[in-house]
Every structure is written in C-alpha cells, then in structure tokens.
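Peer 1: Need coordinates for the below:
(2 chains)
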There are 2 protein chains.
Amino acid sequence: MDTFIYNTPTKVYFGRGQENLVGEILAEYGAKKVLIHYGGSSAVKSGLIDKVRGLLEEQGIGYVLLGGVVPNPEIEKVREGIALCRKENVDFILAVGGGSVLDSAKDIANGAANPETDVWDFTLGKARPAGTLPKGAILTLAAAGSEMSDSCVISDRKSGVKRGYGSPYNRMNFAIENPELTYTVDAYQTACGAVDIAMHTIERYFCPGEDTYLTDGIAEAVIRSAMKAGQDAIADPCDYTARANMMWASSLAHNGLTQCGRSCKLVVHQLEHELSAMYPRIAHGAGLAALWCSWARYVYKSSMPRFLQYAHNVWNLDVDFEHPEKTVEKAIGLQEAYYRSIGMPTSLRELGVKPEDLEPLAEKCSRGKTVVLEGYKKLGYEEMLDIYKMAL
Amino acid sequence: MDTFIYNTPTKVYFGRGQENLVGEILAEYGAKKVLIHYGGSSAVKSGLIDKVRGLLEEQGIGYVLLGGVVPNPEIEKVREGIALCRKENVDFILAVGGGSVLDSAKDIANGAANPETDVWDFTLGKARPAGTLPKGAILTLAAAGSEMSDSCVISDRKSGVKRGYGSPYNRMNFAIENPELTYTVDAYQTACGAVDIAMHTIERYFCPGEDTYLTDGIAEAVIRSAMKAGQDAIADPCDYTARANMMWASSLAHNGLTQCGRSCKLVVHQLEHELSAMYPRIAHGAGLAALWCSWARYVYKSSMPRFLQYAHNVWNLDVDFEHPEKTVEKAIGLQEAYYRSIGMPTSLRELGVKPEDLEPLAEKCSRGKTVVLEGYKKLGYEEMLDIYKMAL
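Peer 2: Have a look, this model is predicted:
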C-alpha cells in the first residue's frame, strides 16, 4: 500500500431540491459578485438559470452570466471568462452544468487568480496555479466527476490539443447534487456518463499497486453500482434511485477515494483524450468504451492476478484455474456486452475514426514517440498504435 | 436514498514516516503555540513525543505538553486542557494517540474557543460549539475513527455519564496516519479496534434507509476489510498491509462515507456507552462485541431483507429462500465466531457485568424510560433490558 494524501474538501449537498440552497450557501462564503457559468440552452430552458438568479437576488448577491461552454471545453471560452471576472470584479464562480462547464469554471477561477500567468500554460503543464477563486457547482450531469475531483481538462481546437491537469486548486468548495436535475439527460449521454464513471474507477483499479484490499473493495462497489445505475437510468430516465446512485458514484469515482494506496495513471483516458481532441464530436465516454476492451485484451497477460480479481469480484465469475485466461476473456467480453447493451460503441470504426488517423493518434499520444505510458505493461508509440488498430 | 450532506475536510497524510512532516504541516497552518496532547506513557517511551517536540522546535513553533488522557476520556482532563490553552495562549491542538486522546483534544479545542459556555454542556447537548481551535492528530491506534469523524465522546466518572456529540467543529484539520505506529498495539487492543471499526460500519448498515446500493457496497467492503485486517494484525503485529488497511478502514468507517443516503443512529453504540460508563475498564470494542449478536438476534425479524443482504454480501452465504431465518442465524453465528477467533467476548458475563446491573443499564440508556432508540425495530426500556439480558 503506497503512501498517499487524501484531501476531499468539497462539501456536497445531495438530494432533491438542494439547488434551492444555493443563495444561502453563497452568502455563507461571503460572495458579492458571482460568475454564473453554464453550457448550452438546456440550463436556461429548464428554468434552472432563472431560478439561480432569483436565489442570488434574494440574498442581494450580484452576478454576471457566461454561457456557451461546449463539450470538450475550450480555452477561448476560458479566456473570455477570465476577462469578464476582471471587468466585473467577480469573487466567486458558480458552474451550472456537467463536467465541461465545471472544468471551464475551474480554469477560469485559476486564470483569474493568477493574472501573471497565461492560463493555457496550466493545461500544458508549463505553470501551476498558486491560488484560485472560490467556486461551487450545481451538477446537471453525472459523468465526469469534476464536482469533487482535482482535475480539469481543457481543449484548444486550433492546435488540436486536449489535456488535463491536476491541482489542489481545482477542488470545488461545494457541489450541489440533485439527481432529479439529470432526469432530462438522454439515453446516449446517460450511457456515456455510466462509462465515464465506471472507467474512472476501472482505470485506477488497473494501476500498479498492491495490498490495497479495502480500496479494491470500494472500487469494485463503485464499478458495479455505476454500471447498474446507468442501465436502470436508461430504462427509466426518472428512476430516482438510479440517478442518485449514478450521481454519487460520479463523485466518488474521481475524488481520490478509489486510488488510495495505488498509483494513478489513467492510461485509456490518455488514449481517448487524443481521440476526442482529433474528433471533437466523439463523447469522452463513448471513446472510452470503444477503446477499453482492446486495451484490456492487449495488456491482461501482464497482470493476470489483477484481471482475475476483476473477473471474480466485478463480474462474479468463478475462476478457471486451469485456464485463467479464459476467465479473463470472459470478463472482458461481459464488459463489452455491457457497453453494447447501453448503446455504446466497442470499436473506433463505429465512431467514424479513419484508419489513416491511427498513426497520428499514436504520434500525439506518445508526444512524438517520446512518452511511454506507465502501467502493468508499458505503452510506447508502437503499443499505442497496436491498441488503436485492435480497437478499429 | 435520503438527502445528505457530505463534508470530510480532514486532510490525511497516510503512510510510513508521515509523522516527520508534522512540523512543516503545523507551520503551514501558521501555528505559534501548540498544545501537544497525549495519553499514557507509551507515546513518551516510544520516543514519539520527543520526536514531535524536535520537529516543532525545528520550525520555531512553541508548545506545551498535556498527557494523561485515559480510555473513556474524562471531562476533568478536558477542563485542565482548556485552562492550559488560555494560560499559554495556545492556537493549535495536536493530539498524539488514539480515539480517546483525539476526542479529548476536540473537546478542549471547542471549550477553549467558546469561553462563555461550560464545555460539559456540549456533551450533554445543552449547547453547541460556535467555533473551535484548529487541530490535528498523529494517530497511534486504529479503532475509533475520531481522526476523520465529527463526533466526540466524553465521560464524567463522577456522574457516570458517557456520551457523544456531533459537530462540524469536531473535524480534525489534518490527520497523520502511519500504520507502523500501531505495530506495538497488543492483540487485545487490536481486536477491540477491529470490532470498533467493523461496528461503526455495521451499525450504519443496519440503519433504516433504502436504495443505497453504492453506499451498501462500500460499507460491505469496509466491514470485510476491517475484519480481515484485524485478524491478520493479531497474527503478525508488524504486518504493514494489515495495519494499513485497518487504519484506513478506521477513518472511512466513521467519516460519513458509509452512511450516505441512510439515517444514522448507532443503536448498539448507545447500549455500549452505558456499559463502559458504568464499568470504565470495559474497552468500547469489547463491549460492542459482547452486545451486537444479541441485538441482531433480537431485531433481525423486523428487517429480514437487510440481514439477508448482510449474510450474502459480507459472509458470502447462499440464501436459503425456504428458511431465510436460517441464513441470517448462520451469518450472526459467523460474526460471533469471528469475535471469538480474535479473543473478543460475546457475552456480558465474560466482561464481569453483574445481573443486577442490567436494569440500571436499561434505565440509563432509556434516560429513565423516556427515550426510544429508532431503527428497524424501536427499542424502549423493556426492549433494551431484553437485549442486555440476552447478552448476559
């Protein structure tokens, strides 16, 4: 069990109607001028933005609005937000939306508090935030886990770069999680969310580490719950139990809990980030689903015991000790069948990826053949290309 | 799934040698004068207190020492600590020890920051802290979970009262958890710790609530891990894996994670608190072990499905659908056998409890027949007495 620091300061208000507390909560933080940050028109049409405005007005808290965050949020919108914060003396950022809006809000908060640094340098890893503005979220999509995570993923469409960076300053001060706000999420986005949540945990589960049976048991519970909740929420979008377990799984999958005592390198996420950077229409969850089984088949022989544990504890399979690889392949097949059952792709072809793009993808993911992804099996340019080809 | 607030701000430094960071950590908090609070002589003899003093001196941080906290920590020591804080202008409390020391430190911090209130009123529920001093812990015993919890249990030997109170101000700012510091904990105390950890989770697991399958899966992992780790640590006191999983389980069992979406009434803890208040030599964990199986046998017919889930998911039993009570009784029997296997009592007689004390125990626990404990089955004075009698 490796040494670790566990620090999840985000205060979560979970349950029906909790968004009605947002004015009081912001008043507790002493907010005077809030940037309300959101995505497309659904938060406006649903009346949520108007509700939030009313609640802030009741408390005498000023605000400015900035909508238009897109999936795979972009640095240009972040720059717009930072400029607005400066012009309007914003002292608190409130994100209303899913992971893209929350990540955009984090980057704005970091950029606004570090005026001497070009905010894009945080994403490129050339600089680190030395402070941030306080921030909170009203979550409307259970997927990315940004509401409790220390990570932030930003894209620059011009250069085709999409990357994440971690920082303690990326933690939200609070997150409001009302599962009912996700009732309108359609089946495809719900499926993408279930994949993202399960994959945040599965990826950590397959990071090197040992003797972490408590963390493992928690991770297995999160994986099983996210998959079940996703399936149930697709069958009945207004199933509160499904939406609630899915939303809470989203937060726990990415807040640090499922990696305590293990290393944390999200390998398939790296492979996928290049994919949705090149094809911005590919939803992150769909990209993960299309890649994971190929990655698993490519690497499992380097970590048989771990894959057997996964087969047994996640898929409830009896281990065939004479032919353990059969057990593992059966488990990977079940994962694949699950993805199909919720309408997710299990190949890149289904997502419209062209064969001639595989080499550029591996080139980018390996940063020009200079970076090797660590894990049970090391993945350099050649191995990345093999996996992209298997996944085609 | 009930509405809940999740708030675990304690920053945990987990792993070998993490106590060496304590000077730097306290400097980060700007501490000028620290109260180093500890228990018996073992923290001194082991050299830990001297090490801490040296690390504070290196940072130029002043300190005063207050040892002598006993198991079931007492209000008199708390008052002594508050007086010392005032006299010495203490601005940070550092607890070095197990749950008793940590609880004493919490109460001192609350008392020192609320000079207008009699600190005992917090325990009696007559007043609530409106602030606190910052505080941290170096943990030397994996059991109570006080390092991340919002609770604090204090006794007054004169009046025979032992009670806990919850408050956001009871959260430690940081907790240093080095499993190696628990290598010297003897087999009996290790067993008591394993019971306490498992029971913090089992009690929450058996609180009314529904549709919390994610929380349930996490709780089941904590219960199984705590029991395994306890057994392994008794077999080999210097087994790092066992001590580490046990320590981390201690923190997660009581920080709120295992109750998300469920009510939280620790019924057997209430029954036990009266026991160790009347017999201060009874270790809390031993008292819980002696009581739990009788409580379970008394109430299980009121919550068959929940007990079947426990039998299946914690004890891996196949459910006998024709005779489900047999499955439940088998599971309770396995829990009992586990307690015996680690040297824990499963009856009150083994702890020297006298039959004539059972009525006074039920009298106290029901606050003179006025309080009914909520749960799947309501427990008033008569039911409490029945359970104490069954457990004799």
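Peer 1: And the strands in chain A, which stretches?
Peer 2: Secondary structure of chain A (DSSP state E): strands at A:4-14, A:33-38, A:62-66, A:92-97, A:135-139, A:151-156, A:161-166, A:174-177.
Peer 1: Strand partners (parallel or antiparallel) of the last one?
Peer 2: When sheet partners are counted by DSSP bridges, strand A:174-177 sits next to strand A:4-14 (parallel), strand A:135-139 (parallel).
Peer 1: and for the first one, what are the contacting residues?
Peer 2: When contacts are defined by C-beta atoms under 8 Å, 6 or more residues apart in numbering or on different chains, strand A:4-14 is touched by residues A:21, A:25, A:147-148, A:168, A:171-178, A:244, A:247-248, A:251, A:255-257, A:259-261, B:3-9, B:11-15, B:260-261. Glycine gets a C-beta too; all of them are placed from N, C-alpha and C.
Peer 1: Helices of the stretch 51-200 of chain A, start to end?
Peer 2: Remark: helices assigned in the stretch 51-200 of chain A by DSSP state H, counting those that start in this stretch are A:75-88, A:99-113, A:120-124, A:187-205.
Peer 1: highest average neighbour count across those?
Peer 2: Of all the helices of the stretch 51-200 of chain A, helix A:99-113 has the most neighbours on average by mean count of other C-beta atoms under 10 Å in any protein chain shown, namely a mean of 28.
Peer 1: Quick one: mean pLDDT for that helix?
Peer 2: Averaging pLDDT along helix A:99-113 yields 98.
Peer 1: other SSEs contacting that helix?
Peer 2: In terms of contacts (3 or more C-beta pairs under 8 Å, 6 or more residues apart in numbering or on different chains; DSSP states H and E), helix A:99-113 is packed against strand A:33-38, helix A:75-88, strand A:92-97, helix A:120-124, strand A:135-139, strand A:151-156.
Peer 1: rerun that using 10 Å as the cut-off
Peer 2: In terms of contacts (3 or more C-beta pairs under 10 Å, 6 or more residues apart in numbering or on different chains; DSSP states H and E), helix A:99-113 is packed against strand A:33-38, strand A:62-66, helix A:75-88, strand A:92-97, helix A:120-124, strand A:135-139, strand A:151-156, strand A:161-166.
Peer 1: in its sheet, what does the first one sit against?
Peer 2: Partner strands for strand A:33-38, per DSSP bridges, with pairing direction: strand A:62-66 (parallel), strand A:92-97 (parallel).
Peer 1: Next, the angle helix A:99-113 makes with that strand.
Peer 2: Interaxial angle, strand A:33-38 versus helix A:99-113 (axes from the mean of the first three to the mean of the last three C-alpha atoms, to 10 degrees): 150 degrees.
Peer 1: tell me the contacts of A:I108?
Peer 2: A:I108 makes contacts with A:35, A:37, A:66, A:69, A:73, A:77-85, A:90, A:93, A:95, A:119, A:132-133, A:135, as judged by C-beta atoms under 10 Å, 6 or more residues apart in numbering or on different chains.
Peer 1: Write out the residues of the stretch 201-350 of chain A neighbouring chain B.
Peer 2: A:210-226, A:228-229, A:239-249, A:251-252, A:255-257, A:260-261, A:313 (C-beta under 10 Å from any C-beta of the partner chain).
Peer 1: Quick check, A:G380 in contact with A:K369.
Peer 2: Yes: under the criterion of C-beta atoms under 10 Å, A:G380 makes contact with A:K369 at 7.2 Å.
Peer 1: Weed out the non-buried ones from the residues of the stretch 201-350 of chain A next to chain B.
Peer 2: Among these, those scoring as buried are A:211-226, A:228-229, A:239-249, A:251-252, A:255-257, A:260-261, A:313 (criterion: 16 or more other C-beta atoms under 10 Å in any protein chain shown).
Peer 1: picking up where we left off before, any idea which of the helices and strands packed on helix A:99-113 has the lowest pLDDT on average?
Peer 2: Note on the helices and strands packed on helix A:99-113: lowest mean pLDDT is at strand A:161-166, with a mean of 92.
Peer 1: Buried ones in that one, by neighbour count?
Peer 2: A:161-165.
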